[in-house]
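Enquirer: curious how this folds, go ahead:
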Amino acid sequence: MERKVVIPGEVIVEGEDYLPGENTEKRDGKVVSLRYGLAEEQNNLVKVIALSGVYAPRRGNVVVGKIENITQNGWIVDIGCAESAFLSINEVPRYVNKDAMEEVFKIDDMVIAKIWSIGKRGIDLSIKSRGLGKISEGIIFKINPNTVPRVIGKEGSMIKIIKEGTGCNIDIAQNGFVVIEGENIGIEIFAKKVVDFITEKPFISGLTEKVTKFIEENKK
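Expert: Here you go, the predicted structure:
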């Protein structure tokens, strides 16, 4: 089955052989889309990559957020969803002096973290893994969270093309924030243009080839 753009309620495929995956459901032997997005089928599993909507936090997601407030035991972080998240001092891989919390993170600092728990108390973050912590260099911008899988590509194929084509280090968080760090601001802005090119046309076919061509034609 070729990838195609579908709307909620649209029949994607018919037949008992097909199983409904993410953003789809089975109705009378037909797999139906629940979201506006890109339908694809792999090993008889049909799913829809949503192209609109807000970020829904999940355990294990890597997110970028802004420090909103400082409490006695940690930091309140805005990660761009309905509720704020909490980064406990216990989830920071260094000693934290409770009288000098701002030495670690101050209000308006940007941080890349992982969601390790979602419960009744809220969303809990951690920066104990490699590559997480305060973002101090590069540029940060936001894309639609639902286009993140397209920018990353299958098994990281698309992001690999962007990294190799621009020479930048790129982190893409599940909540739609992109962090680009390159040799200079010019190359960082170029990498942003490549990402924007993908997010503006996430549903076109042959996107990988078009992105490669875009990089070759616009790289100076």
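Enquirer: show me the domain layout of the chain.
Expert: Here the domain assignment for the chain is 4-50, 62-134, 139-218, based on automatic domain parsing.
Enquirer: what's the pLDDT at the most centrally placed residue in the chain?
Expert: Taking C-alpha atoms, centre = their mean, the centroid of the chain lies closest to Gln174, which sits 2.5 Å from it. Listed pLDDT for Gln174 reads 94.
Enquirer: if you drop the residues flanking it in sequence, what lies closest to it?
Expert: Once flanking residues are discounted, Gln174 sits nearest to Asn61: 4.0 Å by C-beta to C-beta, 6 or more residues apart in numbering. (Glycine included, C-beta is placed from N, CA and C.)
Enquirer: go ahead and confirm that neighbour touches Phe177.
Expert: No. With contact defined as C-beta atoms under 8 Å, Asn61 does not count as touching Phe177 (11.4 Å).
Enquirer: the more surrounded of those two?
Expert: Taking neighbours as other C-beta atoms under 10 Å, Asn61 and Phe177 compare with Phe177 leading, 25 against 21.
Enquirer: still on that earlier bit, quick one: which of the domains of the chain is nearest Ala56?
Expert: Ala56 lies closest, by C-beta to C-beta, to one member of those: domain 62-134, at 7.2 Å.
Enquirer: now the lowest-mean-pLDDT helix or strand in the chain: buried residues?
Expert: In the chain, no helix or strand scores lower on mean pLDDT, DSSP states H and E than strand 4-6, which sits at a mean of 85. Neighbour counts over strand 4-6 (16 or more other C-beta atoms under 10 Å) mark Val6 as buried.
Enquirer: could you redo the domains of the chain as CSV and give each row distance to Ala56?
Expert: Below are the domains of the chain laid out as CSV (distance: least, C-beta to C-beta, whole Å):
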stretch, distance to Ala56
domain 4-50, 10
domain 62-134, 7
domain 139-218, 8
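Enquirer: what residues does stretch 11-25 touch?
Expert: 1, 4, 6, 26, 29-35, 37, 39, 41, 44-50 (C-beta atoms under 8 Å, 6 or more residues apart in numbering).
Enquirer: how far off centre is it?
Expert: From the chain centre to the centre of stretch 11-25 is a distance of 25 Å (C-alpha atoms, centre = their mean, to the nearest Å).
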